[in-house]
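[1] Would you be able to build a 3D model of this:
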Amino acid sequence: MEADQPTVAIIVPCFNRWPHVREAIDSVVMQSWPNTKCIVMDDASTDGSYDRLKEHYDAEPKVAIHQLESNQGQSAARNRGVSLSNADYIGFLDSDDLLVDSAVACRMRLAMEQPNFSGIIFGDKIDETTNASLLPDEKGYSDPLTLDEYIDDMGWLHTNSFLIKKNTFLALNGFNETLRKKEDIEFFLRALSVKEARYAGGPCCMVREVDTRRARHDHARIIEQGERFIEAIRANPDLAKALTPDQLKQLLEASTKSLLQSLYRTRKNQQFRNALFNAIKEDKIQINARLVKRYFLSFFR
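    Numbers count the residues shown, from 1 in each chain. Here you go, the predicted model:
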């Protein structure tokens, strides 16, 4: 029976996440879907993660540990993991988060019922303490998620909560390796412009706060990336057709606010003022009382 079931690979990118990454990997090993394997891509960690993981999982047939030659970011690590897999379906798990035991099985149930479906199959991100669903609203089993719905509330999809056929992921060109922030959002926007997503129902993943190194706190990376997120969206022909002017403006404003906040929080005062001035001039953002206050405060910090 197991031989007839599609295979699934969960890709876990890892950079200096020892020992939390062990819990993430173990949550993949414990999946109730028998044909699930875990591919760990160490992104040139400096804390000994790779050697420790190789030693710890050497005898575990469901786990393969690989390492990138140099630190290239989570997008490159995920893409490399996919390229090393021969699975029918692929999914992802951040190295400090967890899958519930039935995460793969509940999504593969829909995949088995609809074998010709080639879009995104997603489940619920759940609260770490209460296990309550963190989706923005309710959906019925197999209900679609549109690009418009995702733009209205990006809480519908998380990197940990979806499965997709490997050949579809490759046809979408995977994650954008020029992005180290919002690479998941850019992927979902790009995917939903040409593919549908469907809800598989049930709890799937748990995002944990094991430390403060979450994407929204990484101001240095946000500043370094600058406007590449918006440039990637504008450069994609499918998105150019699918997005309305208002939706593009909404994405542009959110990205600009994120950059301005990081410049302000890191006290790069002159850069903040210059970026704010240019954003207003180019109609990327609407001025408000908070921005005015930050502008004047930036002269005295």
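[2] Would you list the phi and psi of Asp124?
    Per-residue torsions, Asp124: phi -90, psi 130 (degrees, to the nearest 10).
[3] can you pull up the bridge partners for it?
    Pro203 (DSSP bridges).
[4] is it true that it touches Val207?
    No - judged on CB atoms under 8 Å, Asp124 makes no contact with Val207 at a distance of 11.4 Å. The way it works is simple: take the backbone N, C-alpha and C, and place the C-beta from them, glycine included.
[5] Neighbour count: these two, which is higher?
    Legend: neighbour count by other CB atoms under 10 Å for Asp124 and Val207, higher for Asp124 (24 against 18).
[6] Do you know the pLDDT at Asp88?
    Per-residue confidence (pLDDT) for Asp88: 98.
[7] for Ala275, that is, sorry about that
    Reported pLDDT for Ala275: 96.
[8] same question, Thr212
    For Thr212, the predicted pLDDT is 51.
[9] low-confidence ranges in the stretch 201-301 of the chain?
    210-217 (pLDDT under 70).
[10] Just the buried residues of the top helix by length along the chain, please?
    Longest helix of the chain, by residue count under DSSP state H: helix 245-265. Neighbour-count burial for helix 245-265 flags 247-248, 251-256, 258-260, 262-264 (criterion: 16 or more other CB atoms under 10 Å).
[11] Name the nearest of those relative to Ser27.
    Ser258 (29.9 Å; CB to CB).
[12] Find the nearest non-adjacent residue to Arg17, please.
    The shortest distance from Arg17 to any non-neighbouring residue, by CB to CB, 6 or more residues apart in numbering, is to Ser95 (4.0 Å).
[13] Val8 and Glu224: what is the separation?
    Val8 sits 34 Å away from Glu224, going by CB to CB, to the nearest Å.
[14] Which residue of these two possesses the greater neighbour count?
    Val8 (27 against 12).
[15] Quick check: bridge partners of the more buried one?
    Thr36, Tyr89.
[16] Surely it touches Ile39?
    No - the pair Val8 / Ile39 is not scored as a contact, 10.8 Å apart, by CB under 8 Å.
[17] Find the nearest non-adjacent residue to Val82, please.
    That would be Ile90: by CB to CB, 6+ apart, it lies 5.4 Å from Val82.
[18] For that neighbour, grab the count of nearby residues.
    25.
[19] before we move on, what about Asn86?
    8.
[20] these two touch, right, it and Thr7?
    Yes - Asn86 is within contact range of Thr7, at 7.4 Å (criterion: CB under 8 Å).
[21] mind listing what Arg109 touches?
    Going by CB atoms under 8 Å, 6 or more residues apart in numbering, Arg109 touches Ala200.
[22] In what element of secondary structure is it found?
    helix 103-113 (DSSP states H and E).
[23] Kindly report the same for Thr168.
    Going by DSSP H and E, Thr168 is part of helix 166-171.
[24] Show me what counts as buried in that helix.
    166, 168-169.
[25] what's the domain layout of the protein?
    For the chain, automatic domain parsing gives the domain ranges 2-206, 218-297.
[26] So what sits opposite the closest residue to Lys54 other than its chain neighbours in the bridge?
    In space, and not counting its chain neighbours, Lys54 is closest to Ile65: 5.0 Å by CB to CB, 6+ apart. Per DSSP bridges, the residues bridged to Ile65 are Val40.
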